[in-house]
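Visitor: here are the coordinates; sequence isn't available:
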């Protein structure tokens, strides 16, 4: 499942200053939900805080969850993003030289007010993680695109974030069901970055430790990533085995997701997952595959067209709607892709690799 991050901007008025400041805000599209990335981070730490309480008495469990406070989730959020934002319900403790204060408050005529957030004034002059995190914290939206107003007491209340986050994934109002849904969501989130994906990502280990780390990397490098040339083969790699076994991976992924979101979980459900998988499953899917299908070609010259075929389409790649620029030739194709071989029905998106092409661990260029 691809991780999509969208950037937008809005103006926010700081305290004691007349002119509003433009801040970037981000949203993440995952599981068919568009959610502020801060919600995922705070939701994760909030769930872990509640799960680690080890409450024995189930009669008082929900009440203890709702009354529990944990200021470390704010420290963990700052540590995760590498920021030093400060929070308080009172404006005066945050007044310091060299820092600017913003106020979480509702839009329009409502007088609902929330926490004050302090940031270094110099960080407002350039795009950086402090500024990005501030924009996300000031622009958390839950329902009907209405901005969420929260106090410092809400900020350090784990149940507050579990409750708000669960709104995106379940309509059940039962507290135990909300906790269970948070657990399955976090498991699904963790499964997005498996060992294979982690190995192929050409970024630092700390930036691909988990899915949230990848999201953080995208936010931090959003401008550079958005300006990169997606047609350049330097930004692409060959995916033969992933392409072949994708149907099997998707089969297990869909069934595991069903099990995680099922109200009843048992060994019988897992047994059905494997019993419904036919022995010829991969072979049948391969027969349908455009690149890997059987060819009854008598001429050995056809070996090149069979074994060296490529396509830019396929799972987790280009969709049905493709722009003209994506069908165009790119200078990086020279010596690597045939510039004259192309599909008549889908020009520019499929063809043949050059027999003399050099690849570096499935990449077209050596990776740093």
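Guide: The structure has been received and is ready for your questions. Note that this is a predicted model, so its numbers are computed, not measured. Numbers count the residues shown, from 1 in each chain.

Visitor: Run through the protein and note the low-pLDDT ranges.
Guide: Screening the chain residue by residue with the criterion pLDDT under 70, one finds the ranges 1, 107-112, 143-144, 263, 287-304, 316-320.

Visitor: So what would you say the end-to-end distance of stretch 44-61 is?
Guide: Taking Cα to Cα, to the nearest Å, stretch 44-61 runs 19 Å from one end to the other.

Visitor: got the contact list for it?
Guide: Contacts of stretch 44-61 from elsewhere in the structure, counted by Cβ atoms under 8 Å, 6 or more residues apart in numbering, are 64-65, 68, 70, 72-73, 76-77, 158-162, 165, 176, 179, 182-183, 186, 189, 212. Backbone N, C-alpha and C define where each C-beta goes, glycine included.

Visitor: tell me the phi and psi of residue 365?
Guide: phi -130, psi 150 (degrees, to the nearest 10).

Visitor: List the buried residues of stretch 332-352.
Guide: By neighbour count with 16 or more other Cβ atoms under 10 Å, stretch 332-352 contains the buried residues 332, 333, 336, 337, 338, 341, 342, 349, 350, 351, 352.

Visitor: Now do the strands in the stretch 1-150 of the chain.
Guide: For the stretch 1-150 of the chain, the strands defined by DSSP state E, counting those that start in this stretch cover 4-12, 21-30, 33-35, 86-88, 99-105, 113-120.

Visitor: any idea which of those is most buried?
Guide: Highest mean neighbour count of these: strand 113-120, a mean of 21 (counted as mean count of other Cβ atoms under 10 Å).

Visitor: ok so, going back, any chance of the strands of the stretch 1-150 of the chain in a markdown table, with distance to residue 126 too?
Guide: As requested, the strands of the stretch 1-150 of the chain are exported to a markdown table (distance: least, Cβ to Cβ, whole Å):
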| stretch | distance to residue 126 |
| --- | --- |
| strand 4-12 | 15 |
| strand 21-30 | 11 |
| strand 33-35 | 27 |
| strand 86-88 | 20 |
| strand 99-105 | 14 |
| strand 113-120 | 11 |
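
Visitor: now for those, which one comes closest to residue 203?
Guide: Taking Cβ to Cβ, strand 4-12 is the member of these nearest to residue 203, at 14.4 Å.

Visitor: Next, the contact list for residue 359, please.
Guide: Taking Cβ under 8 Å, 6+ apart as the criterion, residue 359 is in contact with residue 238.

Visitor: whoops, residue 156 was the one
Guide: The neighbours of residue 156, taking Cβ under 8 Å, 6+ apart as the test, are 69, 70, 71, 73, 74.

Visitor: Relative to residue 339, how far out is it?
Guide: Between residue 156 and residue 339 the computed distance is 60 Å (Cβ to Cβ, to the nearest Å).

Visitor: Just give me how far the helix ranked longest in the chain sits from the chain centre.
Guide: As far as residue count goes, and with DSSP state H defining each element, the longest helix of the chain is helix 240-260. The gap between where helix 240-260 is centred and where its chain is centred comes out at 18 Å by Cα atoms, centre = their mean, to the nearest Å.

Visitor: Which other helices and strands does the helix or strand following that helix contact?
Guide: Counting by DSSP states H and E, the element after helix 240-260 in chain order, helix or strand, is helix 267-275. Helices and strands touching helix 267-275, by 3 or more Cβ pairs under 8 Å, 6 or more residues apart in numbering; DSSP states H and E, are helix 240-260.

Visitor: tell me the domain ranges of the chain?
Guide: Each domain of the chain is listed here as a residue range: 4-227, 233-352, per automatic domain parsing.

Visitor: looking at those, which is buried most?
Guide: Neighbour counts (mean count of other Cβ under 10 Å) averaged over each of these peak at domain 4-227, with a mean of 16.

Visitor: Run the chain-centre distance for that domain.
Guide: Distance of domain 4-227 from its chain centroid, counting by Cα atoms, centre = their mean, is 14 Å.

Visitor: show me what contacts the residue nearest to residue 20 when sequence neighbours are not counted?
Guide: The shortest distance from residue 20 to any non-neighbouring residue, by Cβ to Cβ, 6 or more residues apart in numbering, is to residue 11 (4.0 Å). Residues counted as contacts of residue 11 (Cβ under 8 Å, 6+ apart) are 20, 21, 22, 23.

Visitor: How about residue 216?
Guide: Residue 216 makes contact with 37, 80, 81, 129, 207, according to Cβ under 8 Å, 6+ apart.

Visitor: For the first one, which non-adjacent residue is spatially closest?
Guide: Using Cβ to Cβ, 6+ apart and skipping the chain neighbours, the partner closest in space to residue 37 is residue 28 (5.0 Å).

Visitor: Quick check: beta-bridge partners of the one you found?
Guide: Bridge pairing for residue 28 (DSSP bridges) gives the partners residue 5, residue 35.

Visitor: contacting residues around it?
Guide: In this structure, residue 28 makes contact with 3, 4, 5, 6, 34, 35, 36, 37, 40, 215, judged by Cβ under 8 Å, 6+ apart.

Visitor: hang on, the earlier thing: let's see which of the contacts of stretch 44-61 end up in helices.
Guide: 64-65, 72-73, 76-77, 158-162, 165, 176, 179, 182-183, 186, 189, 212.

Visitor: Out of the contacts of residue 216, which comes closest to residue 105?
Guide: Comparing the contacts of residue 216 against residue 105 with Cβ to Cβ places residue 37 closest, at 21.3 Å.

Visitor: How much space separates the closest one from residue 211?
Guide: Using Cβ to Cβ, residue 37 is found at 11 Å from residue 211.

Visitor: what's the answer for residue 280, then?
Guide: Using Cβ to Cβ, one gets 34 Å for the distance from residue 280 to residue 211.

Visitor: One more: residue 34?
Guide: Remark: distance between residue 34 and residue 211 (Cβ to Cβ) = 16 Å.
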